[in-house]
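Novice: pasting the sequence and the predicted coordinates here, then a few questions.
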Amino acid sequence: MAVAELSCTETATCFRPSQLSLSSSSSSSRFSHHFRRSFRPLPRTRNPTISCSVTSDKVQTPTSVQAETPKGKTECYGVFCLTYDLKAEEETKSWKKLINIAVSGAAGMISNHLLFKIASGEVFGPDQPVALKLLGSERSVQALEGVAMELEDSLFPLLREVSIGTNPYDVFQDAEWALLIGAKPRGPGMERADLLDINGQIFAEQGKALNASASPNVKVIVVGNPCNTNALICMKNAPNIPAKNFHALTRLDENRAKCQLALKAGVFYDQVSNMTIWGNHSTTQVPDFLNARIKGLPVKEVIKDHKWLEEEFTEKVQKRGGALIQKWGRSSAASTAVSIVDAIKSLIIPTPEGDWFSSGVYTNGNPYGIAEDIVFSMPCRSKGDGDYELVKEVIFDDYLLKRIKKTEAELLAEKRCVAHLTGEGIGFCDLPEDTMLPGEM
Ligand SMILES: NC(=O)c1ccc[n+]([C@@H]2O[C@H](COP(=O)([O-])OP(=O)(O)OC[C@H]3O[C@@H](n4cnc5c(N)ncnc54)[C@H](O)[C@@H]3O)[C@@H](O)[C@H]2O)c1
């Protein structure tokens, strides 16, 4: 094989030696799984200029490789340009049909953990090929290419295609899952209301793009904060997608609550079940120790220190993100990625008998008397078909109801604040207090 040096200053048709030697072979049987992946940039709003320098006289020119690409696929990115018909190749395999997974904020810290879990088969299963569609901001394009390169270098057999782009209408094309992580962090001195507006605009646009481009039954998990209201905005801008398909991630909060209960009870955390986080992914969230169980028993029967439950436990879960920042100097990324995996698996694997999981979902028709038309974390159960039902057999006491009311009030205020982004008039911000997101200082 010819040895070539490569340098690229922009995304476009750049080739590395392995890819070039592959392109000269017409026999697809010589390709191993990972050779059949493609990394191609999606069309962007601005045209990239190409600057590649390959220092070898033995390699083929990019032009000859381009000529071999299947019809309609004129651009490719990275090591493996698409020089074969991926669909024809798929027909010879007994694997499941490829699924398209869009991830926004793909160059960020959470995605840096998540993408490799998805590509490895840990999330959707060891026989489920995946295509990753990575959305970044204009500022993160170079980093996005770096992510794609690392994915290439990992040689995941299940990873069949990676595309990158900055236009959500292109990136979300045919997406069956949309993991919306990308958002702006709250800067110094920025009010929560400002953050709601800035990030709300991102999610309004992405909702429209999902509506126009994604699979009609796409499942959407909103991670970028403030995630409940961002999910509401996204949903309102995607009227053709069922409202039930939109989730705000509160699974990290559930996992944190389980961990704290296990520590206090002196059991391993797999003994804690039926954990609900009610409400907003903020410091008003309510970790429900009334309905949770330890070794199948009500928590209050196992942990007799009820003062601890009401005061320390609740606050510890609510402020866990901030405590972590103090130690790490940055917000939780690995455990958030793990919780996104948990959230997806909870929808594609039947919920264990008698148990449930928490997710921020649309409140219309909820059996708990929570205000309609907001995205609120509630207990859910799934048959493993991507859908869920709200759990009916939960109990309430005054303590729980009072706290649920507080987080509900916050979400209703957030909703009023973003009315201009949900098509419901002029936004008016009267947030009860400037509560922090878990993870903020
Ligand atoms: N729900 C939860 O449990 C939870 C937990 C932790 C973090 N978060 C939130 O997740 C978000 C991402 O966290 P992170 O640590 O990965 O942040 P990060 O700053 O490392 O990454 C965010 C990425 O998003 C990109 N981005 C910004 N605007 C974008 C847009 N319009 N389209 C696409 N990409 C865009 C940025 O360029 C950046 O690469 C933050 O809003 C954070 O508050 C939520």
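Specialist: Looks like it came in fine.
Novice: what does the stretch 51-200 of the chain put close to the ligand?
Specialist: Where the stretch 51-200 of the chain comes near the ligand, counting by Cβ under 6 Å from any ligand atom, the residues are 104-105, 107-110, 135-137, 139-140, 181-185. (C-beta placed from N, C-alpha, C; glycine too.)
Novice: please repeat the previous calculation with a cut-off of 5 Å.
Specialist: 104-105, 107-110, 135, 137, 140, 181-183 (Cβ under 5 Å from any ligand atom).
Novice: which one among these gets closest to Leu98?
Specialist: For Leu98, the nearest member of these is Leu135. The distance, counting by Cβ to Cβ, is 18.6 Å.
Novice: per-residue pLDDT of the closest one, please?
Specialist: On pLDDT, Leu135 comes in at 96.
Novice: for Met190, same thing?
Specialist: If you check Met190, the pLDDT there is 73.
Novice: on that earlier part again, top of the residues of the stretch 51-200 of the chain next to the ligand by neighbour count?
Specialist: Of all those, the highest neighbour tally under other Cβ atoms under 10 Å goes to Leu135, namely 31 neighbours.
Novice: hmm, Asp373 and Leu412 touching each other?
Specialist: No. Using Cβ atoms under 8 Å, Leu412 is not in contact with Asp373; the gap is 9.0 Å.
Novice: wait, Leu179 touches Val218, no?
Specialist: No. Proximity of Leu179 to Val218 does not meet the contact threshold set by Cβ under 8 Å, at 10.7 Å.
Novice: grab the nearest non-local neighbour of Lys133.
Specialist: Counting by Cβ to Cβ, 6 or more residues apart in numbering, Ala102 is the residue found nearest to Lys133 once chain neighbours are left out, at 4.3 Å.
Novice: filter the residues of the stretch 51-200 of the chain next to the ligand down to the ones in strands?
Specialist: Judged by DSSP state E, those include 104, 135 as members of strands.
Novice: switch the residues of the stretch 51-200 of the chain next to the ligand over to CSV; also include distance to His420.
Specialist: Output for these, formatted as CSV (distance: Cβ to Cβ, whole Å):
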residue, distance to His420
Ser104, 22
Gly105, 24
Ala107, 29
Gly108, 27
Met109, 30
Ile110, 28
Leu135, 24
Ser137, 22
Ser140, 27
Ile181, 24
Gly182, 21
Ala183, 18
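Novice: pick out the most distant pair among the residues of the stretch 51-200 of the chain next to the ligand.
Specialist: Met109 and Leu135 (15.6 Å).
Novice: buried sites along the helix or strand containing Ser163?
Specialist: Remark: Ser163 resides in strand 159-165, with elements defined by DSSP states H and E. Of the residues in strand 159-165, those with enough neighbours to count as buried (16 or more other Cβ atoms under 10 Å) are 159-165.
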